[in-house]
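**Q** okay, predicted coordinates and the sequence, questions at the end:
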Amino acid sequence: MAIRMAQYGTGHGHAAGKLQSMLTDPGVECVGVYEPDQARRDAMAQTGGPYEGIRWFDRMEDMLGDPGIAAIASEGRNDESLAQTEEIVRAGKHAWYDKPAGDDWPAWQRVVALAEQAGLQMQMGYMFRYHDGFCKIADWARSGVLGNVFSIRAHMSTNVPVSSREVISSHRGGIFYDLAGHMLDQVVWILGRPSRVTAFLRNETGEVPAFTDNGLGVFEYEHAMATVDIAAMEPAPPARRFEVYGTEGSAILLEPFEPGTEIRLVLAEARDGYPAGESRVAVNGRSRQALYDLELASFLKAISGEQPPDRPLAHELLVQETLLRATRGLS
């Protein structure tokens, strides 16, 4: 029996793709979208794509109050989505929540606690969890194939127009706030909670003075260090790269990691079917939409009890705490 789902908001950059996943997954009956901004709703209704012919809820209560809707994709703008996700959870719905989890750390802790108390699933939209290359590297790092990991380096820059920079500038950390969670999701899955966080949040172009367009985070551990750098003005296509170094080997997802089709693996000794020295390991380079589809498939299995969630809520908390330690100086 298909799980009935809806979407709350359309302002997130992943919103259309997530709606497309719900419309095409045979395990989902997508019953509609609620957008609180009437002007935006009217504009989205004219864009075509997954919004063409979709049912629009006239009132939030029509969506949240429908007992047949089991789960809702939270796809509002980043300055809307945390409050909207709390409404979803308080209504007793599972939440497929797009990143990052807001600026209000106490509120995010409260929402997670509410979901835990109610036995609800809440999965963040960090799609690289389902990327074959990231999965392989995380498995090698967590299982000890690479030895003791002492360094992770992540580069995930982009190029966004001034209009988008103005919207994102409402968040301290700017482009770093917007995107670094993707890489921190990987970093803390491998290394855990950093003991010390230092961030350099700069404005280089001056085009939107309040906007961090060039950010670097340094995450220190007892025996390791991770760096994440993200800028907003790198010419396309950006050279996105993810590197993990350990005492027994290293793994680099060769740029750009979207779609990401090859890992440079170096091992001090032959292990797990891989030879000593350098190897090139082919991985399945998936489209962004395919990653959204895998996200949704995992979420549905967790809702139905077929499997535990791929990341516990404690991890979702840790990713956001680490991001806010960098962008807001959260202690």
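**A** Sure, I can see it. Residues are numbered from 1 along each chain as shown.

**Q** surely A270 meets S279?
**A** No: using Cβ atoms under 8 Å as the test, A270 is too far from S279 to be in contact (10.0 Å). (Each C-beta comes from the backbone N, C-alpha and C, glycine too.)

**Q** these two: who's more crowded?
**A** For A270 versus S279, the count of surrounding residues by other Cβ atoms under 10 Å is larger for S279: 15 against 10.

**Q** once you drop chain neighbours, what's closest to the more buried one?
**A** L265 (4.7 Å; Cβ to Cβ, 6 or more residues apart in numbering).

**Q** can you spell out the domain ranges of the chain, please?
**A** The record's domain split for the chain, according to automatic domain parsing, is 3-125+291-311, 132-285.

**Q** could I get these in CSV, plus columns for mean pLDDT and distance to G329?
**A** Below are the domains of the chain laid out as CSV (pLDDT from 0 to 100; distance: least, Cβ to Cβ, whole Å):
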stretch, mean pLDDT, distance to G329
domain 3-125+291-311, 97, 11
domain 132-285, 97, 8
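
**Q** distance check, the residue sitting nearest the centre point of the chain against L291.
**A** Nearest to the mean C-alpha position of the chain, by Cα atoms, centre = their mean, lies Y126 at 2.3 Å. Computed as Cβ to Cβ, to the nearest Å, the Y126 to L291 distance reads 10 Å.

**Q** and for G76?
**A** The value you get for G76 to L291, if Cβ to Cβ is used, is 21 Å.

**Q** grab the nearest non-local neighbour of E262.
**A** L254 is the one closest to E262 (Cβ to Cβ, 6+ apart), at 4.9 Å.

**Q** residues touching the one you found, list them.
**A** 241, 260-264 (Cβ atoms under 8 Å, 6 or more residues apart in numbering).

**Q** for it, give its distance to V160.
**A** With Cβ to Cβ as the criterion, L254 and V160 are 24 Å apart.

**Q** swap in I230?
**A** 11 Å.

**Q** what touches both of those two?
**A** Common neighbours of I230 and V160, using Cβ under 8 Å, 6+ apart, are I175.

**Q** neighbour count for the two, which is higher?
**A** Remark: of I230 and V160, I230 carries more neighbours, 28 against 19, as counted by other Cβ under 10 Å.

**Q** so P106 lies in a helix, does it not?
**A** Yes: P106: assigned to a helix according to DSSP: H, G, I helix; E, B strand; the rest coil.

**Q** quick one: it and L317, what's the gap?
**A** P106 is 12 Å from L317, by Cβ to Cβ.

**Q** between these two, who's got more neighbours?
**A** Per other Cβ under 10 Å, whichever of P106 and L317 has more neighbours is L317, with 17 against 7.

**Q** in the helix or strand harbouring that one, what counts as buried?
**A** For L317, the element it lies in under DSSP states H and E is helix 313-327. For helix 313-327, a neighbour-count test (16 or more other Cβ atoms under 10 Å) marks 313, 315-327 as buried.
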